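Asks: Need coordinates for the following:
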Amino acid sequence: MTAHLSRQTLPNLPPDVQQPGYDIAAQKIGIVHLGIGAFHRAHQAVYVDDRMAAGERDWAILGVSLRSPDTRDALEPQDGLYTVLVRGGEGVQPRVIGSVQGVLVAPEDPEAVLRAMVDPAVRIVSLTVTEKGYCHDPATGTLRENHPDIVHDLEVPLTPRSAPGLLVEALRRRRANGTVPFTVLCCDNLPSNGRTVRRVVVRLAELLDADLAAHIAADVAFPATMVDRIVPATTAADRDFITERLGVDDAWPVSTEPFSQWVIEDSFPTGRPRFELAGAELVTEVEPYEAMKLRLLNGSHSTLAYLGYLAGHETIADTMADPAFARLVRGLMDEEVTPTLQVPPGADLAGYKASLIARFENTALRHRTWQIAMDGSQKLPQRLLGTARERLAAGGSIARIALGVAAWMRYVTGVDENGAGIDVRDPLGERLRAIADAAGPDAARLAPALLGVREIFGEDLPNEPRFTRPVEEALASLFARGSAATVEAVASGTGA
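Replies: Okay, the predicted model is just below:
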């Protein structure tokens, strides 16, 4: 039987496998991270690991799962250690990460999570809870006060369930104890994510305690960030590779690409690791970088995911191997997204777009279209609809954006082009499926019905014929001709 990865087995790893070059046990917790999923472990935890290897102390991470115990159960026997598999053209490079000191499961013991967040040694609470984890309205960026988790946290604020609720209660306790507040570091794909999370947290605090809300608004830092690294779901093949390559079992490794980017607004009143020495960019204004990433990478990713899935492509690389899909995404980037961007000084926009195409085409990284298609109701406003609004305001065309939106509509019907079921994962999934079932496979009925979901499309787009008409036409083509033929038509400029 193969031994597990652990501190005890680290010395037995092959000498060419990078591993923590510091005393793991001597590090203290300095960061509590809410939402310890694969992305965090392949991105922020790696930057922290770099700085700890460089000699910075007491920035170890305590992870918190807000839902499932799976990550805790996998990492606890491994002393928090796990492997990052970097997959590129030169093969697979494994690296063992030691920056995660432990994992708590909030539903099992919210009090333990709050105690950790209140510890004066904790100076940063970071988050990757996905767009839906902020219990906000993606179309407006405001708190959804009727969200079930928010209703619970208003009724029982001392044992919160949501990420905003945990932040508010921990900040309340720190204030009561005379402890300076931690910095709230959002690492999710939200527009102006620092300000958005600040708005959500302050509003929840207002509903509980006006003085606390004023304290949070005045004294708590919410720096904006932009994060970028493609992290597919872990597979059995990843685990098998580690067993063979490292000679140990790893219950929960992560697989990723060589590229990694982190742009951070430099606002940390109580200190931070020197992330810039690990390759992060510390800036005064994140929004231009964020817009480039959300609209070019994420907007293209979602468009490829829905259309690719409908066309029968399992991964993004498979989708990009079809020349029509590759032309479509290049046209989306160049003709519809680029005119809406304010490019940061010194940024190489052409080089960035070329790097995105290369990353999408990376066959070593099996990023499934189904995985990217999850939670579309939360993603569309940031990834495609903001671009559409700006294009329409400037009098520009939105043919490719409209096709991406229409592909999402076709996808959430829950039935693919061969009549098989689609496992649609979305917080509004049941509602969307009910709308689709009532409308049937009729674009003239389905498009207006889904456009009526105001949490996604707001009040303006459903009443804008320059938006609704191309979306309906694209959806009609997807029903009549299928994804591949529709993509070919739009990519070649002949229309849907």
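
Asks: What is the neighbour count of Gln18?
Replies: As a burial measure, Gln18 scores 16 neighbours (other CB atoms under 10 Å). The way it works is simple: take the backbone N, C-alpha and C, and place the C-beta from them, glycine included.

Asks: Starting from Glu56, give me the distance back to the nearest residue to it once chain neighbours are set aside.
Replies: Of all residues not flanking Gln18 in the chain, Arg95 sits nearest, at 4.3 Å (CB to CB, 6 or more residues apart in numbering). Separation of Arg95 from Glu56 (CB to CB, to the nearest Å) stands at 18 Å.

Asks: same thing with Asp334?
Replies: Here Asp334 is placed at a distance of 42 Å from Glu56 (CB to CB).

Asks: Looking only at neighbour counts, state which of the two leads.
Replies: Each of Asp334 and Glu56 has its neighbours counted (other CB under 10 Å); Glu56 has more, 18 against 13.

Asks: residues touching the residue nearest to the more buried one when sequence neighbours are not counted, list them.
Replies: For Glu56, ignoring the flanking residues on the chain, the nearest one in space by CB to CB, 6+ apart is Pro273 at 5.4 Å. Neighbour list for Pro273: Tyr47, Val48, Arg51, Glu56, Trp59 [criterion: CB atoms under 8 Å, 6 or more residues apart in numbering].

Asks: again, 7 Å this time
Replies: Counting by CB atoms under 7 Å, 6 or more residues apart in numbering, Pro273 touches Val48, Arg51, Glu56, Trp59.

Asks: Could you do Val453 as well?
Replies: Contacts for Val453 were tallied using CB under 7 Å, 6+ apart; there are none.

Asks: State the pLDDT value of it.
Replies: At Val453, the model reports a pLDDT of 97.

Asks: Backbone dihedrals for it, please?
Replies: Val453 has phi and psi values of phi -80, psi 100 when expressed as degrees, to the nearest 10.

Asks: same deal with the one 3 residues further on?
Replies: For Ile456, the backbone dihedrals are phi -100, psi -50 (criterion: degrees, to the nearest 10).

Asks: How many neighbouring residues does it have?
Replies: Other residues lying near Ile456 total 24 when counted by other CB under 10 Å.

Asks: Touching, it and Arg383? I think so.
Replies: No - counting by CB atoms under 7 Å, Ile456 does not reach Arg383; the two are 11.5 Å apart.

Asks: that older thread, adding secondary structure and pLDDT, write the contacts of Pro273 out as TSV.
Replies: Formatted as TSV, the contacts of Pro273 follow (DSSP: H, G, I helix; E, B strand; the rest coil; pLDDT from 0 to 100):
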residue	secondary structure	pLDDT
Val48	helix	98
Arg51	helix	98
Glu56	coil	97
Trp59	coil	98
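
Asks: And those, which of them are buried?
Replies: With neighbours counted using 16 or more other CB atoms under 10 Å, the contacts of Pro273 contain these buried positions: Val48, Arg51, Glu56, Trp59.

Asks: for the residues you listed, which one is nearest Val103?
Replies: The shortest approach to Val103 among the buried ones among the contacts of Pro273 belongs to Val48, at 14.9 Å (CB to CB).

Asks: give me every residue that touches that closest one.
Replies: Contact analysis of Val48 by CB under 7 Å, 6+ apart lists Ile31, Trp59, Ile61, Ser99, Pro273.

Asks: Which of the three states applies to the first one?
Replies: What it means is Ile31. Following DSSP: H, G, I helix; E, B strand; the rest coil, Ile31 is assigned to strand.

Asks: quick revisit: distance to Arg466 added to the buried ones among the contacts of Pro273, as TSV?
Replies: Shown next, in TSV, are the buried ones among the contacts of Pro273 (distance: CB to CB, whole Å):
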residue	distance to Arg466
Val48	46
Arg51	49
Glu56	52
Trp59	50
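
Asks: how about those residues, which pair is most distant?
Replies: Spanning the widest gap among the buried ones among the contacts of Pro273 are Val48 and Glu56, at 8.7 Å by CB to CB.

Asks: Since that was my last question, I'll sign off now.
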